[in-house]
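*Asks:* Structural data only, the sequence is not supplied:
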């Protein structure tokens, strides 16, 4: 997933996608441990995507964007 696409997602959507990406990474790692993947670079790609998402969430937190789940629940 490209950085531009990540920036366009809302914080809630980004957190949801992050959770899904982490699940997929876990599945890939498990499958790779059992039998080698055809393309083990997919694991690296998932790690990079997760890092991009975490970076964007942190940037939003620092800038104080009011789109976090906690702030939406408090309103």
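*Replies:* Great, that's in hand. What you see is a predicted model; the values in this text were computed from it and never measured. Residues are numbered from 1 along each chain as shown.
*Asks:* residue closest to the middle of the chain?
*Replies:* For the chain, the residue sitting closest to the mean C-alpha position, by CA atoms, centre = their mean, is residue 18 at 2.9 Å.
*Asks:* what sits against that one?
*Replies:* Neighbouring residues of residue 18 by CB atoms under 8 Å, 6 or more residues apart in numbering: 50, 53-54, 57. C-beta coordinates here come from the backbone N, C-alpha and C atoms, glycine included.
*Asks:* Buried ones among these?
*Replies:* Buried by 16 or more other CB atoms under 10 Å: 50, 53, 57, out of the contacts of residue 18.
*Asks:* Give the helix, strand or coil label for the first one.
*Replies:* It stands for residue 50. Under DSSP: H, G, I helix; E, B strand; the rest coil, the three-state class of residue 50 is helix.
*Asks:* picking that back up, from the buried ones among the contacts of residue 18, pick the one nearest residue 11.
*Replies:* Distances from residue 11 to the buried ones among the contacts of residue 18, taken as CB to CB, are shortest for residue 57 (7.1 Å).
*Asks:* thought that closest one was touching residue 17?
*Replies:* No: shown here, residue 57 and residue 17 do not form a contact pair, counting by CB atoms under 8 Å, at 10.7 Å.
*Asks:* hang on, the earlier thing: include distance to residue 3 and pLDDT when you put the buried ones among the contacts of residue 18 into a markdown table, please.
*Replies:* A markdown table is the format used below for these (distance: CB to CB, whole Å; pLDDT from 0 to 100):
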| residue | distance to residue 3 | pLDDT |
| --- | --- | --- |
| 50 | 13 | 96 |
| 53 | 10 | 96 |
| 57 | 13 | 95 |
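*Asks:* residues near the nearest residue to residue 3 once chain neighbours are set aside, how many?
*Replies:* With sequence-adjacent residues excluded and distances taken as CB to CB, 6 or more residues apart in numbering, residue 3 is closest to residue 52, at 5.8 Å. Other residues lying near residue 52 total 18 when counted by other CB atoms under 10 Å.
*Asks:* try residue 46
*Replies:* As a burial measure, residue 46 scores 19 neighbours (other CB under 10 Å).
*Asks:* hang on, the earlier thing: my understanding was that the residue nearest to residue 3 contacts residue 5; is that so?
*Replies:* No: using CB under 8 Å, residue 52 is not in contact with residue 5; the gap is 9.5 Å.
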